[in-house]
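In: Using only what follows, build the 3D model:
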Amino acid sequence: MMAHPPAIDFEFFSPGSSHAVDHAIQLAALRKEADRRKRSNAIKVERQDMRSDKAEVDAALFKELIADFADRHAGIAPDRVPVFQWAQKLNALRGEIMRRRRSYPSLVEQGRMAEADAIAGIATFECAHRWYWIEGLGFGSEMLVAGDVQRSYARFREEHARRAAWARRGPRERAEDELEIKVDRHAARAFGRPPFRVGFARLPEAPALWQAFTILDADDEEPLFGPDVRIRPLLDALEPNARTHTLLAIARELNAAAENAAKEERQAA
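Out: Take a look at the predicted model:
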């Protein structure tokens, strides 16, 4: 089941936000929030206010968010296969922003938080959310109007049709027209050196969308289109989204075969 697509008119910034937070600070804030949620959820589970599986999902989601930020992409061109959909992760960021917007002013009034810390705490997650939204949907810097947040919002709304891109951010069931391939350890060696990863590029006819176009080995070569050229015509015949998921599936098979071969060699030694 797909996550609900995020609304395009979400207010990116609070009036008091500084609107400029370094990426490293955003990453540190995500890690700190993940730790806070882990402790808070553990207490909720102990009190039976939260199911343990829900707490595990929340921890895994923030772990993937942190990995996305550490890799400096929003899940659009990962070397790893995402567990969560792009929309799920974006909505998690929005949920945390709304929590901070509601609770931080009260904490300041109660003297439990400095006003500067509250503003910075909200602004950090708002900047992280904006980065994830822009990178995840493929919006470039041309969508932003420097110094004019409202005009930037207007540009996002004009791109309302691109909301369909959210459905392509994450795993799904294999389509009927996708290729199935099983790679044994001997074939894996012929394709190149692991780890194998999928290379992405923007679609020429729809620059807002990213699609997989090849599989690279550890030497940044194209092993899939080298030793076995028979596969390429089949891939080219697929529609872009099926092609993406097919390449991801083949890369997983190649890595699994290479891992099994290495394990057998270790056991033999």
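In: Which is the succeeding secondary structure element to the helix or strand harbouring Leu107?
Out: If you go by DSSP states H and E, Leu107 is part of helix 86-109. Using DSSP H and E, the helix or strand that follows helix 86-109 in sequence is helix 115-137.
In: okay, now Leu248: neighbour count?
Out: Neighbour count of Leu248, defined by other Cβ atoms under 10 Å: 19. Where you see a C-beta, it was placed from the backbone N, CA and C, and this is true even at glycine.
In: before we move on, the earlier item: give me the buried positions along the helix holding Leu107.
Out: For helix 86-109, a neighbour-count test (16 or more other Cβ atoms under 10 Å) marks 86-94, 96-97, 100-101, 104-105, 107-108 as buried.
In: repeat for stretch 31-39
Out: 31, 33-34, 37.
In: neighbours around Lys44, how many?
Out: The burial count for Lys44: 16, using other Cβ under 10 Å.
In: Look up how far Arg51 lies from it.
Out: Noted for Lys44: a distance of 9 Å to Arg51, by Cβ to Cβ, to the nearest Å.
In: do the same with Arg72
Out: Arg72 is 34 Å from Arg51, where distance means Cβ to Cβ.
In: Equivalent analysis for Ile250, please.
Out: In terms of Cβ to Cβ, Ile250 sits 36 Å off from Arg51.
In: distance between the helix holding Leu107 and the chain's centre?
Out: Computed by Cα atoms, centre = their mean, to the nearest Å, the chain-centroid distance of helix 86-109 equals 19 Å.
In: Now do the strands in the chain.
Out: 197-203, 206-216 (DSSP state E).
In: I'd like the list of the buried residues of stretch 31-39 that fall within helices, please.
Out: Among the buried residues of stretch 31-39, DSSP state H puts 31, 33-34, 37 in helices.
In: Widest-spaced pair of the residues you listed?
Out: Arg31 and Arg37 (10.9 Å; Cβ to Cβ).
In: Might you list the low-confidence residue ranges for the chain?
Out: 1-9, 73-81, 135-181, 187, 206-210, 226-229 (pLDDT under 70).
In: okay, now the domains of it?
Out: Per automatic domain parsing, the domain ranges recorded for the chain read 23-168, 185-268.
In: possible to save those as TSV with distance to Phe10?
Out: Shown next, in TSV, are the domains of the chain (distance: least, Cβ to Cβ, whole Å):
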stretch	distance to Phe10
domain 23-168	6
domain 185-268	18
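In: re the thing from before, quick one: which of the ones in helices among the buried residues of stretch 31-39 is nearest to Thr246?
Out: Checking those against Thr246 by Cβ to Cβ gives Ala34 as the nearest, at 32.9 Å.
In: Could you pull up the residues touching that closest one?
Out: Listed by Cβ atoms under 8 Å, 6 or more residues apart in numbering, the contact set of Ala34 reads 59, 62-63, 65-66.
In: Could you rerun that using 7 Å?
Out: 62-63, 66 (Cβ atoms under 7 Å, 6 or more residues apart in numbering).
In: Please apply the same query to Thr244.
Out: Residues in contact with Thr244 (Cβ under 7 Å, 6+ apart) are 211-212.
In: Same question for Arg185.
Out: Here Arg185 is in contact with 257, 260-261 (criterion: Cβ under 7 Å, 6+ apart).
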